[in-house]
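> give me the fold of what follows.
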Amino acid sequence: MSLVNLNGILDDARKNKYGVGAFDVSNHDMALAVLDVAQELKSPVILMGLTVDLGGDKLGCWIEGLKAMAKKAAVPVCIHLDHATDLNFIKKCVDSGFSSVMFDGSTLPIADNIKITKQVVEYAHKFNVSVEAELGHVGNGIVGDSEENVKKSKSSSFDNPEDFLTDPADMIHFIQETEVDALAVAVGTSHGVYVHPPKLHFERLEKLNSLSPIPMVMHGGSGTPDDQIRRAVSLGICKLNIYSELLAAFYSAMKQELNETENMTIWVSTANKRPIAAMKEVVKKKILLLGSNNRI
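Below is the predicted model:
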């Protein structure tokens, strides 16, 4: 197939009411694993890069590898920059060949979020690169493995979720002002590992969907119950972000593999077989859950 932007994938998803998995892939092995499953299931796929994995010279190596994968792929592939906040870095990623970028101004006052999102859109659209933004604020579960992060997430449960949810009136104004291509909405999910079970606000999501002229995105796809994801897709979610479940599957299998291995000079390709297979199983389950299989 070819490298496409978000519009090239999400327009059909919105029209036919299914979702597309967006997987953060920190290295080429992860990207190849996700792409293998997508091709097996004949599903479009969104491969995402995180800024923490793209610093310095790593950006060029990462994006060139993924562009080569997309060129050879038998399914549409979008290469998307996830959760970026630095305008200069976003421009660099556009120049490097990303087909889509996300500016995350969700913690900013809405006027500032609109202002910077407009700048990103104006630059990216010159190169047919799509732009995702976030309105409202999707919180964090346990991100990373530090004690500080765990304590922080345990103390940050949203006592007043209305303060963090996407406001329908704000959404209409935001989309009109920015001309963004896709919007991540806050309806009750969290990034990372859930400290408390999620409670999605489906009435809010239904209202947003009735008003939005563009595809909506749900962040915090890892750990959200399947029935809630299915309902969210039926109410307009077209893109679901997934990362923590990939990591949990990979490292759980890696831990088991190494605990059973006496010789620690085991080849990387050998050590990775079981972890990669476990990660692929997560990807397969998400694609089938979202209904993007057999769309090619």
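> all contacts plus neighbour counts: C-alpha atoms, from now on.
Fine.
> for the stretch 51-200 of the chain, give me the ranges with low pLDDT.
Applying pLDDT under 70 to the stretch 51-200 of the chain flags the ranges 139-163, 191-196.
> show me where it has strands.
Here the stretch 51-200 of the chain has its strands, by DSSP state E, counting those that start in this stretch, at 77-84, 100-103, 130-135, 139-140, 182-185, 190-191.
> who wins for proximity to Val121 among the ones you listed?
Val121 lies closest to strand 130-135 among the strands of the stretch 51-200 of the chain, at 6.1 Å (C-alpha to C-alpha).
> quick one: strands adjacent to that closest one?
strand 100-103 (parallel), strand 182-185 (parallel) (DSSP bridges).
> so of these, which one's packed in deepest?
Mean neighbours per residue, mean count of other C-alpha atoms under 10 Å, is largest over those for strand 100-103, with a mean of 26.
> residue contacts, Asp112?
Applying C-alpha atoms under 8 Å, 6 or more residues apart in numbering to Asp112 gives the contacts Gly105.
> and the strands of the stretch 51-200 of the chain as CSV, adding distance to Lys91?
Converted to CSV, the strands of the stretch 51-200 of the chain look like this (distance: least, C-alpha to C-alpha, whole Å):
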stretch, distance to Lys91
strand 77-84, 11
strand 100-103, 9
strand 130-135, 12
strand 139-140, 26
strand 182-185, 18
strand 190-191, 25
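> what separates Arg295 from Leu6, distance-wise?
Counting by C-alpha to C-alpha, to the nearest Å, the gap from Arg295 to Leu6 is 16 Å.
> tell me which of the two has more neighbours.
Neighbour count, other C-alpha atoms under 10 Å: between Arg295 and Leu6, Leu6 has more, with 24 against 13.
> can you tell me the SS state at the residue nearest in space to the middle of the chain?
The chain has Asn241 as the residue nearest its centroid, 3.0 Å off, counting by C-alpha atoms, centre = their mean. Here Asn241 is recorded as strand under DSSP: H, G, I helix; E, B strand; the rest coil.
> separation between Asp11 and Leu54?
Distance from Asp11 to Leu54, by C-alpha to C-alpha: 28 Å.
> where do the helices of this structure begin and end?
Along the chain, counting by DSSP state H, helices occupy 7-16, 28-40, 58-72, 87-96, 110-124, 147-154, 168-178, 202-211, 226-234, 244-259, 268-271, 273-290.
> return the set of buried residues in the fifth one.
Using 16 or more other C-alpha atoms under 10 Å as the test for burial, helix 110-124 gives Asn113, Ile114, Ile116, Thr117, Lys118, Val120, Val121, Tyr123, Ala124.
> residues contacting the fourth one?
By that I understand Thr117. Thr117 makes contact with Phe103, Gly105, Ala133, Thr178, Val180, according to C-alpha under 8 Å, 6+ apart.
> how long is stretch 68-77 end to end?
From its first residue to its last, stretch 68-77 covers 11 Å (C-alpha to C-alpha).
> contacts for it next, please.
Defining contact as C-alpha under 8 Å, 6+ apart, one finds that stretch 68-77 is touched by 1-4, 9, 32, 35, 38-39, 42-47, 78, 296.
> Ser96 contacts Ile63, doesn't it?
Yes - using C-alpha atoms under 8 Å, Ser96 is in contact with Ile63, at 7.2 Å.
> comparing the two, which residue is more hemmed in?
Taking other C-alpha under 10 Å, Ser96 and Ile63 do not tie; Ile63 has more neighbours (20 against 14).
> what's near enough to touch that one?
By C-alpha under 8 Å, 6+ apart, Ile63 lies in contact with Ser96, Gly97, Phe98.
> closest one to Phe174 out of the residues you listed, please.
Within those, the smallest distance to Phe174 is 23.8 Å, found for Phe98 (C-alpha to C-alpha).
> give me the phi and psi for the nearest residue to His201 once chain neighbours are set aside.
Excluding the flanking residues, the one nearest His201 by C-alpha to C-alpha, 6 or more residues apart in numbering is Val187, at 5.3 Å. Val187 adopts backbone torsions of phi -130, psi 20, taken as degrees, to the nearest 10.
> now do the same contact list for Lys284.
Applying C-alpha under 8 Å, 6+ apart, the residues near Lys284 are Val37, Ala38, Leu41.
> highest neighbour count among those?
Ala38 (27 neighbours).
> related to what we said a few turns ago, now restrict the contacts of stretch 68-77 to buried residues only.
Among those, the ones that count as buried by 16+ other C-alpha under 10 Å are 2-4, 9, 32, 35, 38-39, 42-47, 78.
> of the residues you listed, which one scores lowest on pLDDT?
Least confident entry in the buried ones among the contacts of stretch 68-77, by pLDDT: Ser2, with 87.
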